[in-house]
Structures are given as C-alpha cells and as structure tokens.
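with the sequence up front, the predicted model follows.
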Amino acid sequence: MELTVLAVPDCPNAPELDRRLAEVLADRPTVTVTRQVITDAAEAARWGMHGSPTLLVDGQDLFAEPGAATALACRLYRGEDGHLEGAPTVAALSRVLEQAGAPQ
C-alpha cells in the first residue's frame, strides 16, 4: 500500500494530517508515507489533489466527494461530530485504511 500526502507549501493542516497518520500507522510498520509539495493548479490536477492536504491511498483520494474538482486551495474534512477540520480524524483515517486493506 502506498500513501502519499499532497500539500501546498507551508500548508497549516499538513502537520496535523502527519500526526494523525502517525497515530494510525503505529501498528502498521510496513506502510510508508511519501509527501509531495504541489505548487500550481496543473500539478494539482495531475496528482488529483482536491485541496491541501490530500491523502492518496494507492493513488486514489478516498475522501473526495464524487465529482469534486481538483483544487489548489485549503481543504476541510467533516469530522464524526459534523464539525469541519483541516485533516481527516484518526477514526476516519483508520476506517479508510482498513477498507483499503492496509497490512497490520
């Protein structure tokens, strides 16, 4: 499984996504994360970035809304309590990785 974090330079929410991913991946030592800095709209479209930060799981954005356009902008994620956050929650990340078959 390949995880890639896409973010614009100095994205204020990318460190939070990194912290939450580290928590989720603590029990999955074989899963690695790469990071890609996205600097323009063409690059965002090429990578399939739907805002910063975006997590790709094997090249797919499993948090993207159907039909969502790519974007070189901040991204918000809806938490379990309905509030918007700058990164997916730990619970949401765990669910997505389990559904994608992340090795334990």
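All right, it came through fine. Given the structure is predicted, the values throughout are model-derived calculations rather than measurements.

mind listing what the nearest residue to Trp47 once chain neighbours are set aside touches?
When the adjacent residues along the chain are set aside, Trp47 lies closest to Leu6, with 5.5 Å between them (C-beta to C-beta, 6 or more residues apart in numbering). All C-beta spots, glycine's among them, are computed from the backbone N, C-alpha and C. Remark: with contacts taken as C-beta atoms under 8 Å, 6 or more residues apart in numbering, Leu6 is in contact with Arg35, Gln36, Ile38, Ala44, Trp47, Met49, Ser52, Pro53, Thr54, Leu55, Leu56.

any idea how many residues pack against the last one?
So that's Leu56. Using other C-beta atoms under 10 Å as the criterion, Leu56 is surrounded by 20 other residues.

wait, Gly101 touches Met1, no?
Yes. Counting by C-beta atoms under 8 Å, Met1 is a contact partner of Gly101 at 6.9 Å.

between the two, which has more neighbouring residues?
Applying other C-beta under 10 Å to Gly101 and Met1 shows that Met1 carries more neighbours, namely 13 against 9.

now that one: how far from Glu16?
21 Å (C-beta to C-beta, to the nearest Å).

ok so the residue nearest to Trp47 is a strand residue?
Yes. Secondary structure assignment (DSSP: H, G, I helix; E, B strand; the rest coil) places Leu6 inside a strand.

ok so, going back, can I get the contacts of Leu6 in JSON lines including secondary structure and distance to His83?
Rendered in JSON lines, the data for the contacts of Leu6 read as follows (DSSP: H, G, I helix; E, B strand; the rest coil; distance: C-beta to C-beta, whole Å):
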{"residue": "Arg35", "secondary structure": "strand", "distance to His83": "26"}
{"residue": "Gln36", "secondary structure": "strand", "distance to His83": "28"}
{"residue": "Ile38", "secondary structure": "coil", "distance to His83": "26"}
{"residue": "Ala44", "secondary structure": "helix", "distance to His83": "26"}
{"residue": "Trp47", "secondary structure": "helix", "distance to His83": "27"}
{"residue": "Met49", "secondary structure": "coil", "distance to His83": "23"}
{"residue": "Ser52", "secondary structure": "strand", "distance to His83": "19"}
{"residue": "Pro53", "secondary structure": "coil", "distance to His83": "17"}
{"residue": "Thr54", "secondary structure": "strand", "distance to His83": "20"}
{"residue": "Leu55", "secondary structure": "strand", "distance to His83": "19"}
{"residue": "Leu56", "secondary structure": "strand", "distance to His83": "24"}
